[in-house]
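**Q** please find the sequence and the predicted model below.
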Amino acid sequence: MRPSDVKVKGSGDKTRKPEDADGSNRDTFEYIGELNISDKTIACSIGPIPASGVFDVSLSLNGGRDYTAPSPSCRFAVYKPPVLSDVTPKNGVVGESASILVTGGPFLDTGAAVMQFTSTDAHSGRLLKSEVVRATVSSNGLCAKSPIFSNPAIVEISVSLDDGVRFFSAWGGAKLMIHNPPVISRFNPMCGPNTGNTEIILSGSSIVDTGDYCVKFVCGTQERIVR
C-alpha cells in the first residue's frame, strides 16, 4: 500500500464564540504523507491547528474515498498552551493534603489533565520528590488534591493537559509553602482595653512568615480576626 493511499482525518468543534450559533464554527484537518505503518498501527503527525477543541478522528486506507465512522474512543483534543497566573492556597501543613486551585488558562477539558508537585527542602533546598496527581477542569481553573508532605518544603506546581507529555509552569513559579503546624507557647501582654490599639506579641514554635497569617480572638459569640 502506498503512503498516499492512507489518510487520517479529523473534524470537531473549535472553541465556540457567541457569533458561531449557526453551527459554522467547525474545523477539519487532513494528513497525507509519510506514515509509519505496521500491521496494526499507523503513526502520523499533524501540523498546527489554529483552533482548540476536541476532534473526531477517522482513518482511510483508500486515499480518502471512505473513512472509518467517528467513535467516542477515537478523539483528539487540541489545546492552546495554558498560562498559569496564580495558585490557591499558597501554603499548607505537613501531614495534610490540600485542595489546590491553579488559575490562568485556557484550560481545555481534555480528560487528561494532571498537576505536578515538585518539592524541595525548605531549609537546604534539596530536592525531595516530584509527584503527579490527576486534576479536573472547573469554571474557576484547574483543581487537584495535593500529595501529603512529611517535611517543611517549597513546592513548585506545574500542569499538563495531555497526561504529562508536556508540563507548563508559571513565570517565576507557582509555589506552595509547606510548614509544620504552629504552636503558641506564650503571648504578651495578656490583657488590654476595649478601645483597641494594643500590640500583642505571640511566641512559640513553627511560626513562619507565609505572607498569609492571621490571629483570631474568640469570646463566646464574639469573634475578631486580625490580619
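**A** Alright, I've got the coordinates.
**Q** please parse this structure into its domains.
**A** Domains of the chain are assigned by automatic domain parsing as 3-78, 83-179, 183-226.
**Q** and those domains, which is most packed in?
**A** Burial among the domains of the chain, expressed as mean neighbours by mean count of other C-beta atoms under 10 Å, is greatest for domain 83-179, which shows a mean of 17. Where C-beta positions appear, they are placed from N, C-alpha and C, glycine not excepted.
**Q** how far off centre is it?
**A** Shown here is domain 83-179, whose average C-alpha point lies 7 Å from the average C-alpha point of the whole chain (C-alpha atoms, centre = their mean, to the nearest Å).
**Q** quote the end-to-end distance of that domain.
**A** With C-alpha to C-alpha, to the nearest Å applied, domain 83-179 spans 27 Å between its terminal residues.
**Q** now that domain: average pLDDT?
**A** This predicted structure assigns domain 83-179 an average pLDDT of 92.
**Q** and the residue lying closest to R227 once chain neighbours are set aside, what pLDDT?
**A** Of all residues not flanking R227 in the chain, C214 sits nearest, at 4.5 Å (C-beta to C-beta, 6 or more residues apart in numbering). Predicted confidence (pLDDT) at C214: the value is 86.
**Q** isn't C214 up against I225?
**A** Yes. C214 sits in contact with I225 when judged by C-beta atoms under 8 Å, with a separation of 5.5 Å.
**Q** distance check, A144 against D162.
**A** To D162, A144 is 16 Å away according to C-beta to C-beta, to the nearest Å.
**Q** S119 contacts L128, doesn't it?
**A** Yes. With contact defined as C-beta under 8 Å, S119 counts as touching L128 (4.4 Å).
**Q** now do the shared contacts for those two.
**A** Taking C-beta atoms under 8 Å, 6 or more residues apart in numbering as the contact rule, the neighbours common to S119 and L128 are F149, A153.
**Q** what residues does the longest strand belonging to the chain touch?
**A** Looking only at the chain and at elements set by DSSP state E, the strand with the highest residue count is strand 168-179. Strand 168-179 is contacted from outside by 81-87, 89-94, 98, 100, 102, 104, 117, 119, 122, 146, 149, 151-160, 206, 208, 210, using C-beta under 8 Å, 6+ apart.
**Q** after it, next one along is what?
**A** Toward the C-terminal end, the helix or strand that comes next after strand 168-179 (DSSP states H and E) is strand 183-188.
**Q** partner strands of that following strand, parallel or antiparallel?
**A** Strand 183-188 has its sheet partners listed here by DSSP bridges as strand 201-205 (antiparallel).
**Q** so for T195, what's the pLDDT?
**A** According to the model's per-residue confidence, T195 sits at a pLDDT of 87.
**Q** let me know the secondary structure of it.
**A** Here T195 is recorded as coil under DSSP: H, G, I helix; E, B strand; the rest coil.
**Q** please name the residues that touch it.
**A** Contacts for T195 were tallied using C-beta under 8 Å, 6+ apart; there are none.
**Q** how far away is it from R134?
**A** Taken as C-beta to C-beta, the span from T195 to R134 is 53 Å.
**Q** do L176 as well
**A** Computed with C-beta to C-beta, the distance linking L176 and R134 is 17 Å.
**Q** D109 now?
**A** Distance, D109 to R134, using C-beta to C-beta: 13 Å.
**Q** T120 is in contact with L127, correct?
**A** Yes. In terms of C-beta under 8 Å, L127 counts as a neighbour of T120; the distance is 5.5 Å.
**Q** joint contacts of the two?
**A** Residues touching both L127 and T120 do not exist when contact is defined as C-beta under 8 Å, 6+ apart.
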